[in-house]
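Novice: sequence and predicted structure below; questions after.
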Amino acid sequence: VQLQASGGGLVQAGGSLRLSCAASGRTFSSYVIDWFRQAPGKERELVASIYWGRESIYYTNSVRGRFTISRDNVKRTVTLQMNSLKPEDTAVYYCAARLPPSVSYDYWGQGTQVTVSS
């Protein structure tokens, strides 16, 4: 599996962006796909996670109710819809894939910059 993240940009506070993580590889549907972010001077943070059957979705508290993660196993994409963006959402966003039950990530996307101006 190879991952390609896209969709970042500059937006004003309160605006929206949609990030996409495009995966190649026939076994994509077996992987858990997570979105992380890392702001300058801060540790990397898990933002959202989606399991292959979409039956299990996780959001960190700071984005719950504003972000929505979804996946299309046929198109091999995972989307992170980000609404009501805040300046504190500014970071480089990465998608990553792991194959349960492993907790180690096998694949990472290259990162996409999200900047929210106040």
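Specialist: Cool, got the structure.
Novice: okay, and the beta partners of the residue most central in space within the chain?
Specialist: Centroid-nearest residue in the chain: residue 35, 2.7 Å away (criterion: C-alpha atoms, centre = their mean). For residue 35, the beta-bridge partners are residue 48, residue 95 (DSSP bridges).
Novice: go ahead and confirm it touches residue 79.
Specialist: No. Using C-beta atoms under 8 Å, residue 35 is not in contact with residue 79; the gap is 9.7 Å. For glycine as for every other residue, the C-beta is placed from the backbone atoms N, C-alpha and C.
Novice: next, show the common contact partners of those two.
Specialist: Residues touching both residue 35 and residue 79 (C-beta atoms under 8 Å, 6 or more residues apart in numbering): 19, 21, 69.
Novice: out of the residues you listed, the closest to residue 108 would be?
Specialist: Nearest to residue 108 among the shared contacts of residue 35 and residue 79: residue 21, at 10.2 Å, using C-beta to C-beta.
Novice: what's the burial count for the closest residue in space to the closest one that isn't next to it in sequence?
Specialist: Spatial nearest neighbour of residue 21, excluding adjacent residues (C-beta to C-beta, 6 or more residues apart in numbering): residue 95 at 3.4 Å. Residues near residue 95, counting by other C-beta atoms under 10 Å, number 30.
Novice: how close does residue 95 get to residue 20?
Specialist: Distance, residue 95 to residue 20, by C-beta to C-beta, to the nearest Å: 9 Å.
Novice: quick one: secondary structure of the closest residue in space to residue 73 that isn't next to it in sequence?
Specialist: The shortest distance from residue 73 to any non-neighbouring residue, by C-beta to C-beta, 6+ apart, is to residue 29 (4.2 Å). Assigned with DSSP: H, G, I helix; E, B strand; the rest coil, residue 29 falls in the helix class.
Novice: and residue 29, how many neighbours?
Specialist: For residue 29, the count of nearby residues is 13 (other C-beta under 10 Å).
Novice: ok, back up a step: ok, the residue nearest to the centre of the chain - contacts?
Specialist: Residue 35 touches 19, 21, 46-49, 69, 78, 80, 93-96, counting by C-beta under 8 Å, 6+ apart.
Novice: thought residue 7 was touching residue 18?
Specialist: Yes. Proximity of residue 7 to residue 18 meets the contact threshold set by C-beta under 8 Å, at 5.3 Å.
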